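> What follows is a predicted structure for the sequence shown.
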Amino acid sequence: MRETASVICLSRSTTETVARAVEILNGAQNEFVFNLSENMPELPAPDLDDCYSWDLLGSVLKREKKQLKAQYLFGVLDEPIEFNWFSRTLHDENICFITTKDWEYLSPLPLDAYIAYEIVENFAEMFVGDVEAHDETRGCMFDMVAIKPHISFKMRTADICSECLDMLNQQLEAEQVEALIAMLEDVRRAAMKRNNLQTEQSDNLSHAEKIDREFPFPIAYCFRSMQTELSYSRKWFKMLELYEVIIKYITFTLLSALNKSQRDLPPDLISTLEKLSRPSGGHWHNALNSED
C-alpha cells in the first residue's frame, strides 16, 4: 500500500505554486501519493515578533492533521518561521511547515520547485528521524544551508551524498529510496525549467535575476543575503559585509583601470598595497582612497 501525505496551504498566496509542486512530486514516482487539501486554516498573528514559532505552527498543523486523518502533513506559508529556517519537521508528529518568505531575493529558481524540494527533504526526515545536517554546502539533500542563497546549488544538484544515501538505504525500502531520488530528479528538472509543467513566471526574470544582472555579482549576492535576514542584528552584520564587499570591488576596479593606464603607482598607494597580504578593513579603505 502506498504511503499518502497531505499538503495544506497556510497562506492564500501559496495556493497555485503548492498545487504545481504536488503535481511535480506525484508525476515523478508511484511509491508515494501527495494530496493537496482544500482546507485553509486561518493563522493567528505571529507570536515571535514578526515570525511564527515552531510551537504555534505545530499546534495548528496537529489540529489539521487530526481533522484530515492524515498520516503525514505539510503546511506551506509565506511568513517567516522561527530561526529564519526554510522549513522544520516535528518528527514525533510527522508534520512539517515550509515558508516561501523572501524567495524572490534568495534564488532565481521557480518557487514551485523549491516547495517540492522542501517536501521531499522533510518527507525523508519523517521516515528516518532527525538528521544531522551538513554544515558545509556540498549539494546534498541534507545540507543545512546556513548561507541561505546556497539553496540554489542544492536544488540544482538534487544529490544525496554517499554518507546520507547509505543511511537511507539502511532504514528504508529500496523502492522508497528510488522514489525519493526520482522526485529529486524531477524537482531538479523543474528548477532548471526543463520539465513539461508550467512554472511560475517562466517568461519573466525573477527578482533575484534582476538584481544579479543590474549589480556586480559579489554585491548582488551580499545584498540578497542581507534582505533575507529577520533580526536587525543579523541585517546589520550582513550590511557591514555588503559594505566591505563594495569597498573591495571598487578597489579592484580602480586598480585594474590604473594598471591599464600604464601610469606609475603613487608612492602612498604602493605602501598601502604592500599591506594587503593580510588586510584589515582599514587597509582596504585606505587603498580605495589613495591618491589617484
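Thanks, I have the structure now.

> what about Glu136, is that helix, strand or coil?
Assigned with DSSP: H, G, I helix; E, B strand; the rest coil, Glu136 falls in the coil class.

> and it, what does it touch?
Contacts of Glu136 were listed using Cβ atoms under 8 Å, 6 or more residues apart in numbering, and they are Asp143. Just so you know, the C-beta spots here come from the backbone N, C-alpha and C atoms, and that holds for glycine as well.

> Report the separation between it and Arg189.
Glu136 is 26 Å from Arg189, where distance means Cβ to Cβ, to the nearest Å.

> got it, and Asn26?
Look at Asn26 and Arg189: by Cβ to Cβ, they are 15 Å apart.

> what residue ranges in the stretch 101-250 of the chain score low on pLDDT?
196-204, 230, 232 (pLDDT under 70).

> try 90
Counting by pLDDT under 90, the stretch 101-250 of the chain contains low-confidence ranges at 104-108, 146-149, 193-250.

> how many neighbours does Ala45 have?
Close neighbours of Ala45, defined as other Cβ atoms under 10 Å, add up to 8.

> Need the pLDDT of it.
Ala45 is assigned a predicted lDDT (pLDDT) of 94.

> May I have the secondary structure class of it?
coil.

> so which helix or strand takes in Thr4?
strand 3-9 (DSSP states H and E).

> same question but for Ser59, I mixed them up
Ser59 belongs to helix 54-68 when elements are defined using DSSP H and E.

> from the chain's centre, how far out does that helix sit?
24 Å (Cα atoms, centre = their mean, to the nearest Å).

> for stretch 8-23, same thing?
Centre-to-centre, stretch 8-23 and its host chain are 17 Å apart (Cα atoms, centre = their mean).

> what does that stretch rub up against?
7, 34-37, 39-41, 43, 57, 60-61, 64, 68, 73-79, 97, 100, 111-113, 115-116, 119, 197-200.
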